[in-house]
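Need the 3D shape of this:
(chains A and B)
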2 protein chains.
Amino acid sequence: MPESGLDVLGIGNAIVDILSHAEETFLVERGLAKGAMTLVDGAQAESLYRLMGPGVESSGGSAANTAAGVASFGGRAGFIGKVGSDQFGHLFQHDIRSVGVRFDGATAPSGSPTARCLVLVTPDAQRTMLTHLGASVELGPADVDESLVASAKIVYLEGYLWDPPNAKLAFLKAAKVAHGAGCKVALSLSDPFCVERHRAEFLELVRDHVDILFANDREICSLFQLERFEDAVAATRALGKLAVLTRSEKGSVVLTDSVAHEVPAAPVGRIVDTTGAGDLYAAGFLYGYTQGRGLPECGRLASLAAAEVIGHFGARPQGSLAGLVPADLRSPSLPPISSL
Amino acid sequence: MPESGLDVLGIGNAIVDILSHAEETFLVERGLAKGAMTLVDGAQAESLYRLMGPGVESSGGSAANTAAGVASFGGRAGFIGKVGSDQFGHLFQHDIRSVGVRFDGATAPSGSPTARCLVLVTPDAQRTMLTHLGASVELGPADVDESLVASAKIVYLEGYLWDPPNAKLAFLKAAKVAHGAGCKVALSLSDPFCVERHRAEFLELVRDHVDILFANDREICSLFQLERFEDAVAATRALGKLAVLTRSEKGSVVLTDSVAHEVPAAPVGRIVDTTGAGDLYAAGFLYGYTQGRGLPECGRLASLAAAEVIGHFGARPQGSLAGLVPADLRSPSLPPISSL
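Next up, the predicted model:
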C-alpha cells in the first residue's frame, strides 16, 4: 500500500439525515419499529415528513459517518456513494469533503433525488429511522474505482448496501478487488432488521469475504438466530474472524478465535441522540487498527468516538476526534503538525 | 380582535441556516465581522460555503424564529416571508408549520433560491452570520395579507427587512394596516451593523410607527450613537415607547417613560450557540404580553426562552417552551388540553 493511499475506504448509501424529536406515541400510532431502520418509498417518506416536527438536516449514511470519523481522528479516509444533483447532494458532498474525506461525488444519472433518512429521536435518545434510498440505489460496480480500493488498508462496507440490488454487486466487486490487493474487508451488519432481510446471504458473505465484522448485540443474535448474547459470542468466535460486538452502555467485546477483550463504554455526560453510535465506534476502532494499535487500544478509541457522538444531536463528530485521544494512544508514527 | 386571530404575526426574511463550527482565526483571516450579520451575494456565499466545515441545516430567520417561539409557548403565531421553490423552501415551510405557525408559503415568482445564512459558531459560542437573501428580497407589499395583519394582536417586524427595498414597503404597509386595526407594531433592531446602515430611517420609524422596540445593548447604543448603555437607556425612555433592551448574561431592562424593570438572565447549563437568543427573548416577551401578563413576568418568560435556545445548536427551541413556564406564570385563561 503506497503512503499516498487511504487508511479506510467506506462504501455505502449517501444519505442526508432529517432529525426531529418525537414522542413514543408517535411511533406506536404509526407502527414504526423503534430503534430500527425501515426502508420507505418516496410517497411514504413525504407523508411521514409532513407529520414530523421541525427538523435539523445533516449529512449521514452509516459508512459515510464512519469515514468522517476516521478523518476526524486524523486518518486518511475515502467514501464511495451516490448522491442526486440537488441541494441535499451538494450538502452531502460539502460535509464529507470538509472533514477531509476523499469523495469523488458520483451523482445518479437518472436524476433521482439524494437519499434521505427521517430520524425520529424519542425522549430516551433512541433513534428510529425511515430511509428513502433515492439516488443511493443506483450505486453499481462501475462506481467502484479499483485503484482507490486497492490503495486502502481497509474497505468498510455497510450491511444496508445489501438492500439495493446493484449496490450488492458493487459490494462484491470491492471485496474482490480489496483482497486481490492485500487489503482487508470490514462489514457492519447495520441493523437487526437488515440482518433478518438478508440472513443467509450475510452468513455466507461473512464466511467468504469479510475479515473484520462489526455488529451490536441484537444484530449478532439475529444473524445466528440465538437468544443469548453469550451464545452469539461463541458462534462468532467459531467463524475465525476478527469481530467487534457492541452492547451500548455495557461496552463491547473484541474477539478472534483465540482472544477476547472486554472494552468498557466511555463515560458520557448526557445522552442526547444515539444516531451514529455504531458508525463512530467503527471509526475509532478502524483508525486505531490502521495505526497499528493493539486490539484493546482500538476498542478504547472506538468507545471514545461513540461517546462523543451520542452526546449531541446528529451522527457525525462535532469537533475534532483527534483532540480526544489520550496521550498514551497518540500515534508516534504520525509527524507533528508543524512538520507537515 | 376575533378569538380566531393571531397573538403574534412575524414578518421577516425566510432563511435556512447552515451552522458550522469555526475557529477565531477563520474569521480574522477573512475579515468577517464577529457577532454580526453581513449580507453577501450568491458568489460570496458559495465561496465561503466551500471553505466552511461540515454543517447542520435548520430553518431560521429572525422574525420566523420568534414566531416559532411564540407557538412553542402555546401562543397563536403566524409568519409572512418569501421562500424559493426548492428543497430549502420546503424545509422552511415544513419546520415553521410543524410547530403550529400559520405560514401561507409564498414563493418568489422569479425562481430565486431560498435565502440561506452561513452561521459560523466560534468556541466561545458566538455566531457570525453571512446571509445571502435570495428569494427573501422579493417580499413586497402584495405579500402582506391585510386581514391576517388585522387579526393579530401584535405585528412583529425584524430590522433586517430594511435591507431589501421591497420588503421595506411591505413593512410600512403592515404597520399602517396594523395600526388601522388597533394592533400594536413591534420592531427588533436586529443587528448593530443593520442599525448603522439605516440609522436615520430607523429613528424615524421607531418614532412614527413602532409601539414596542426590541434591541440589545450594542444596537441601542448604535441607534443613538452613544457610548454608554445608561445614556442609551435614557434616550430610549425619552421616546415614550415600550422598549426592551437585552444585555446577554446581564439580563435585560423593560422600559417605558414611567417605569423601568430589571430582568435577570435565566440560568443556562452550558452555552453552546447564541444563535436565536434575541429572537427567542422577543418570543417569550410577546407571548407573555399577548397573554396579558405584567411587564416583569413578560421579561421572565423572555429570559427562559433565550436560555433554552442558547443551550443547544440552532436558533429554534428543541422542545416545547410551554413546559418551561413556571407554575405561577401559566396562563389561567387557556383551556386545559383535555377540553380542546
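
Count the residues that sit near the closest residue to A:Asp211 other than its chain neighbours.
With CB to CB, 6 or more residues apart in numbering or on different chains as the criterion, A:Asp211 has its nearest non-adjacent residue at 4.2 Å, and that residue is A:Lys184. All C-beta atoms are positioned from the backbone trio N, CA, C, and that covers glycine. Look at A:Lys184: counted by other CB atoms under 10 Å in any protein chain shown, it has 19 neighbours.

Identify the residues contacting A:Lys184.
By CB atoms under 8 Å, 6 or more residues apart in numbering or on different chains, the contact set of A:Lys184 is A:153-155, A:178, A:211-212.

Next: A:Ala235.
Contacts of A:Ala235 by CB under 8 Å, 6+ apart are A:224, A:226.

does it belong to a helix or a strand, and which?
Element membership of A:Ala235, judged by DSSP states H and E, is helix A:229-237.

For that helix, output the C-alpha coordinates as PDB.
What follows is helix A:229-237, C-alpha atoms only, in PDB (Å, rounded to 0.1, in the frame of the first residue of the first chain):
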ATOM      1  CA  PHE A 229     -25.600 -12.900  23.700                       C
ATOM      2  CA  GLU A 230     -23.100 -15.400  25.200                       C
ATOM      3  CA  ASP A 231     -24.100 -18.000  22.700                       C
ATOM      4  CA  ALA A 232     -23.800 -15.500  19.800                       C
ATOM      5  CA  VAL A 233     -20.300 -14.700  21.000                       C
ATOM      6  CA  ALA A 234     -19.300 -18.400  20.900                       C
ATOM      7  CA  ALA A 235     -20.800 -18.700  17.400                       C
ATOM      8  CA  THR A 236     -18.900 -15.600  16.300                       C
ATOM      9  CA  ARG A 237     -15.600 -16.900  17.600                       C
END
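
Name the next helix or strand following it along the chain.
strand A:242-246.

tell me which parts of chain A are close to chain B?
A:21, A:49-50, A:52-59, A:68, A:86-88, A:91, A:94-96, A:98-99, A:312-314, A:316, A:318-319 (CB under 8 Å from any CB of the partner chain).

Please repeat the previous calculation with a cut-off of 7 Å.
A:21, A:49, A:52-59, A:86-88, A:91, A:94-95, A:98-99, A:313-314, A:316, A:318-319 (CB under 7 Å from any CB of the partner chain).

A:Ala215 contacts A:Leu187, correct?
No: assessed by CB atoms under 7 Å, A:Ala215 is found out of contact with A:Leu187, at 8.8 Å.

Helices along chain A, start to end?
Here chain A has its helices, by DSSP state H, at A:24-29, A:42-51, A:62-73, A:87-98, A:146-150, A:165-180, A:192-197, A:199-209, A:217-224, A:229-237, A:277-290, A:295-310.

Let me have those helices in a markdown table, extended by mean pLDDT.
Formatted as a markdown table, the helices of chain A follow (pLDDT from 0 to 100):
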| stretch | mean pLDDT |
| --- | --- |
| helix A:24-29 | 94 |
| helix A:42-51 | 92 |
| helix A:62-73 | 97 |
| helix A:87-98 | 94 |
| helix A:146-150 | 96 |
| helix A:165-180 | 94 |
| helix A:192-197 | 92 |
| helix A:199-209 | 95 |
| helix A:217-224 | 96 |
| helix A:229-237 | 97 |
| helix A:277-290 | 97 |
| helix A:295-310 | 96 |
